[in-house]
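A.B. asks: Any chance you could fold what I've pasted below:
(one chain, ligands or ions: 1)
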Amino acid sequence: MEINQSDNRGNWSSKVGFILAAAGSAIGLGNIWAYPSKVADNGGAAFILIYILCVFLVGFPIMVSELTIGRKTGKNPVGAFKAFKFSPHFKWIGFWGIVCGFMILAFYNVVAGWTFSYVFEEIFHYFGNEPLKNWFADLGNGHKNAIFSAFFMLLTIAIITGGVAEGIEKATKIMMPMLFAILIIMIGFVFTREGAVEGLVYYLKPDFSKITFDLFFKAMGQAFFSLSLGMGALITYGSYLNKKSNIPEAAFYVTMSDLAIAFLAGLLIIPAMFVAHHNGVNIFDQHGNLLSSTSLVFTALPDLFHSMQPFIGLVSGVMFFLLLSMAALTSTISLLEVPVSYVIDEFKWKRKRAAIGIGLAVLSLSLVISYDLSLIDLFALLFNDIGLPLGGLLISIFLAYVWKTNNAMAEIRSGYSEVDNSFFGKLWPFMVKYVSPLLIGIVFFQTIYSLFS
Ligand code: TRP
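C.D. replies: You can find the predicted model right below:
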């Protein structure tokens, strides 16, 4: 089958550029906001264990699948499934992904707005201006949420309008190593405080009795979200890859850096919670489980910054929330790029018009969420925890049973000629055919079943 990549869509300027951009898409609020709260909510280390299983048995194989489909077809998710010409109905897989991405971006924006408003919370804390500090710290302030999510969306639109290589790559290059560095420094600091070691034990010592189907469901959803899978973001990013790139290697780097940042974020935030506990803050519910909620990052960390020497606390706090905002920005970019590339390819819109039109449509939804935060949980359940694994299941079934793994392997061979003799090449076809779809299927249908029974 011959599929021609359309020419003027842009390409990554370098291998490193691609890995950075894909890692930028992966690393974001999922790692630093969602992951530690889920760890805290779900029995600490038990969650990590299942999470790591989900990442390697399901996430990584599907990441390779998405990138391979993207590079083969050179298209957006909808166009990609059409380009194979098996049946026009497969385009609905891509379409479902676009819907999920749209809805996820709508709430992601609001949370991203919180991270940015905490830059100001830190500044006004330093200057002792309590009223302003409290205004910026208030997650429930609808007007403030609306302003900040609008700001975030406009920034995303501006970068998307700049095009592939320049916009996305430039934004990512500097910020990732800095985020890594500040996490390490803060971890160093938190372990000088009383109570941190207790947090470390909670984080790393698994309690196997906590492992349930529900835990699997949450870990699976988290793996898809954190690695940016299941909605075709990486089909889109793969479509900008050239034929010389080594797909499994790139996917491996992205997966490992995403996992590393999440792991470090947990290593910072869970001990920070226990330090707060040591200082008299109640962090347990009546069953002895860690109290957590979407606000964990926005309470445990400022507490920590405020306990430092004031000026150092200011610098650390501002740096941290700025970097987190930038990490969120490289993720919102990838979320918006998917529907944008769809209307560019399929309806021949200009990039600028596409970015503005779709960006503003998402923003209008973000504004609604700004005033009703309970929608975040609802959207996360429907479009993330259920929507993304469903998308991933369909993608892996398509690849394994419609396109067939040996055809996918032929595509991977371009850029990785020794793939057939590699550990990856021996294992991956088996994973996408059996292990990943089966695991998603079991977790998925068990959950649907328990939701409705
Ligand atoms: N992975 C990002 C994070 O962890 C969020 C994200 C960006 C995403 N693009 C995506 C999630 C595509 C699902 C699909 O913050």
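A.B. asks: what does the stretch 1-150 of the chain have sitting close to the ligand?
C.D. replies: 25-26, 28-31, 101, 104 (CB under 6 Å from any ligand atom). The C-beta positions use only the backbone N, C-alpha and C, and glycine is treated the same way.
A.B. asks: Quick check: of the residues you listed, which lies closest to residue 277?
C.D. replies: residue 31 (23.3 Å; CB to CB).
A.B. asks: So the closest residue to the closest one other than its chain neighbours versus the ligand, what's the distance?
C.D. replies: Counting by CB to CB, 6 or more residues apart in numbering, residue 31 lies nearest to residue 262, which is 4.1 Å off, once chain neighbours are set aside. Using CB to the nearest ligand atom, to the nearest Å, residue 262 is found at 8 Å from the ligand.
A.B. asks: And for residue 61?
C.D. replies: Using CB to the nearest ligand atom, residue 61 is found at 16 Å from the ligand.
A.B. asks: can you check residue 36 too?
C.D. replies: Distance from residue 36 to the ligand, by CB to the nearest ligand atom: 12 Å.
A.B. asks: just the helices in the stretch 351-453 of the chain please.
C.D. replies: 351-371, 374-379, 387-397, 405-413, 423-430, 436-451 (DSSP state H, counting those that start in this stretch).
A.B. asks: and the angle for the third one with helix 436-451?
C.D. replies: Helix 387-397 and helix 436-451 meet at an angle of 140 degrees, taking axes from the mean of the first three to the mean of the last three CA atoms, to 10 degrees as the criterion.
A.B. asks: Next, name the residue at the spatial heart of the protein.
C.D. replies: In the chain, the centroid-proximal residue (CA atoms, centre = their mean) is residue 226; its distance is 3.2 Å.
A.B. asks: Thought residue 33 was touching that residue, still the case?
C.D. replies: No: contact criterion CB atoms under 8 Å: residue 226 and residue 33 do not qualify, at 10.6 Å.
A.B. asks: ok, back up a step: of the residues of the stretch 1-150 of the chain next to the ligand, which belong to helices?
C.D. replies: Per DSSP state H, helices hold the following members of these: 25-26, 29, 101, 104.
A.B. asks: Export the residues you listed to CSV and append columns for neighbour count and pLDDT.
C.D. replies: Shown next, in CSV, are those (neighbours: other CB atoms under 10 Å; pLDDT from 0 to 100):
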residue, neighbour count, pLDDT
25, 25, 91
26, 29, 95
29, 22, 96
101, 30, 94
104, 25, 97
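A.B. asks: export those residues to a markdown table and tack on distance to residue 152?
C.D. replies: As requested, those are exported to a markdown table (distance: CB to CB, whole Å):
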| residue | distance to residue 152 |
| --- | --- |
| 25 | 16 |
| 26 | 19 |
| 29 | 11 |
| 101 | 16 |
| 104 | 14 |
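A.B. asks: Would you mind checking which of these is nearest to residue 174?
C.D. replies: residue 25 (16.2 Å).
A.B. asks: Please report how far the residue nearest to residue 350 when sequence neighbours are not counted lies from residue 76.
C.D. replies: Distances taken as CB to CB, 6+ apart put residue 344 closest to residue 350, at 7.6 Å, once the chain neighbours are dropped. In this view, residue 344 and residue 76 are 8 Å apart by CB to CB, to the nearest Å.
A.B. asks: Compare those two and say which is more crowded by neighbours.
C.D. replies: More neighbours surround residue 76 than the other of residue 344 and residue 76, with 29 against 20 (other CB atoms under 10 Å).
A.B. asks: State the pLDDT value of that one.
C.D. replies: Residue 76 carries a pLDDT value of 93.
A.B. asks: Let me see the contact set for it.
C.D. replies: 94, 232, 235-236, 239, 338, 341-342, 344-346 (CB atoms under 8 Å, 6 or more residues apart in numbering).
A.B. asks: let's go with 7 Å and repeat that
C.D. replies: When contacts are counted by CB atoms under 7 Å, 6 or more residues apart in numbering, residue 76 is found next to 236, 239, 338, 341-342, 345.
A.B. asks: So which residues on the stretch 301-450 of the chain come close to the ligand?
C.D. replies: For the stretch 301-450 of the chain, the contact set with the ligand under CB under 6 Å from any ligand atom comprises 331, 334-335, 388.
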